[in-house]
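**Q** fold the following for me, if possible:
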Amino acid sequence: MADQPLHLLDTNVLVALIRAGVLGQHIDATFQPRQARFKPLVSVVSVGEIYALARQFGWGPKKIAEITKLLDNLVVEDINAPEILAAYGEIDHASREIGRPMGKNDVWIAATAKVTGATLLTTDRDFDHLSATNPLYKPGVPAISLIWIDPDLGKPAA
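**A** Residues are numbered from 1 along each chain as shown. Next comes the predicted model:
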């Protein structure tokens, strides 16, 4: 069996997996987060976000149980590690310096990806400037490994 990359799931990927529509099915089939040899990571920030979104979306007990089941099969990364705290400051500062300020929760998620070395799976573009393979990337900005998944097509970007 080939080595699988370590993935960190963004909150929007968790939402897609719980909704189990075309996008969630695509993520399951392509990245196999539920069958991964090494459990995917999730920031504790995303755990809070998914429960807040469940309330916002009016999800009932069945969906909440699905969230709990999914999270039980992931490794929850705390943000209190000194390295993650330092990476947060570095990413937040660098993003502001280049005119790409990020939402605070996204900064925590990016800092977690940077410190763990995991590839961030996301369906939004908020992290593009942190990917050294993206044209928006500027030298000196902390880089993370990133896979953007098109939320409309359900296919990873080239």
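**Q** run through who's touching the helix or strand bottoming out on mean pLDDT in the chain.
**A** Among the helices and strands of the chain, helix 22-31 carries the lowest confidence by mean pLDDT, DSSP states H and E, at a mean of 92. For helix 22-31, contacts defined as Cβ atoms under 8 Å, 6 or more residues apart in numbering pick out 7, 13, 16-18, 33-34, 40, 121, 123, 149, 151, 154-156. The way it works is simple: take the backbone N, C-alpha and C, and place the C-beta from them, glycine included.
**Q** who wins on neighbours among those residues?
**A** residue 13 (27 neighbours; other Cβ atoms under 10 Å).
**Q** which SSE is that residue in?
**A** Assigned by DSSP states H and E, residue 13 belongs to helix 11-19.
**Q** and the angle for that helix with helix 22-31?
**A** Orientation check (axes from the mean of the first three to the mean of the last three Cα atoms, to 10 degrees): helix 11-19 against helix 22-31 gives 100 degrees.
**Q** what packs against helix 11-19?
**A** Here helix 11-19 touches helix 22-31, helix 44-57, helix 61-72, strand 119-122, going by 3 or more Cβ pairs under 8 Å, 6 or more residues apart in numbering; DSSP states H and E.
**Q** alpha carbons of it, as PDB, please.
**A** The C-alpha trace of helix 11-19 is given here as PDB (Å, rounded to 0.1, in the frame of the first residue of the first chain):
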ATOM      1  CA  THR A  11     -14.500  23.100   8.100                       C
ATOM      2  CA  ASN A  12     -16.200  23.300   4.700                       C
ATOM      3  CA  VAL A  13     -14.900  19.800   3.900                       C
ATOM      4  CA  LEU A  14     -16.500  18.500   7.100                       C
ATOM      5  CA  VAL A  15     -19.800  20.200   6.100                       C
ATOM      6  CA  ALA A  16     -19.600  18.600   2.700                       C
ATOM      7  CA  LEU A  17     -18.900  15.100   4.200                       C
ATOM      8  CA  ILE A  18     -21.900  15.500   6.600                       C
ATOM      9  CA  ARG A  19     -24.200  16.700   3.800                       C
END
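**Q** that one vs helix 61-72, what angle?
**A** 130 degrees.
**Q** what's the angle between helix 11-19 and helix 44-57?
**A** Using the same axes, to 10 degrees: helix 11-19 against helix 44-57 is 50 degrees.
**Q** contacts for helix 11-19 next, please.
**A** In this structure, residues lying in contact with helix 11-19 by Cβ under 8 Å, 6+ apart are 9, 23-24, 27-28, 33, 42, 45-46, 49-50, 53, 59, 63, 66-67, 70, 105, 109, 121-124, 149, 151.
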